[in-house]
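# Sequence and predicted structure below; questions after.
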Amino acid sequence: MGKLIKNDINTEKLLVKELKNSNEKAFRKLFDSYRNDLYKFSLSMVCSKDYAEEIVQDVFMKVWIKRESLNPEMSFKSYLFIITRNKNIKFLKKAHFTKGRDEYLPIPQKQINLVEGIYEQNNGY
């Protein structure tokens, strides 16, 4: 669980209360405490370091945007992992849809002509 003491639920609750009040230091402490665990979890699902990092950033962006509606009595860690899981699933669905769609899209003749023209202008190089 990073820098928070594993069994210190009260510290987490206090930080979430402070986050609700737009305390950037509390946000940073929570971010530092959970980002590595969320990154590893995301990486295990999406198998891409870049996308896993982007997903974690998106999760914390959502937390900051929705900070006023956070419930300090609920598990913040569970909340983060649920958001991360949902974003991973959304990413995987989109990647699957895009992959399937791209495999069957014909290349427009205009693009082919453009590529051939560039190739010819460069004397075949």
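In hand now; what should we look at?
# any chance you could map the helices in the chain?
For the chain, applying DSSP state H gives helices covering 9-20, 24-46, 49-65, 76-104, 109-121.
# will you turn these into CSV that also has mean pLDDT?
Below are the helices of the chain laid out as CSV (pLDDT from 0 to 100):
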stretch, mean pLDDT
helix 9-20, 94
helix 24-46, 96
helix 49-65, 97
helix 76-104, 83
helix 109-121, 51
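# got those as CSV, with mean neighbour count columns?
The way it works is simple: take the backbone N, C-alpha and C, and place the C-beta from them, glycine included. As requested, the helices of the chain are exported to CSV (neighbours: other Cβ atoms under 10 Å):
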stretch, mean neighbour count
helix 9-20, 17
helix 24-46, 17
helix 49-65, 16
helix 76-104, 14
helix 109-121, 10
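# Next one: the residue nearest the centre of the chain from residue 81, what distance?
Nearest to the mean C-alpha position of the chain, counting by Cα atoms, centre = their mean, stands residue 55 at 0.6 Å. Distance of residue 55 to residue 81, given as Cβ to Cβ, to the nearest Å: 12 Å.
# before we move on, what about residue 95?
With Cβ to Cβ as the criterion, residue 95 and residue 81 are 21 Å apart.
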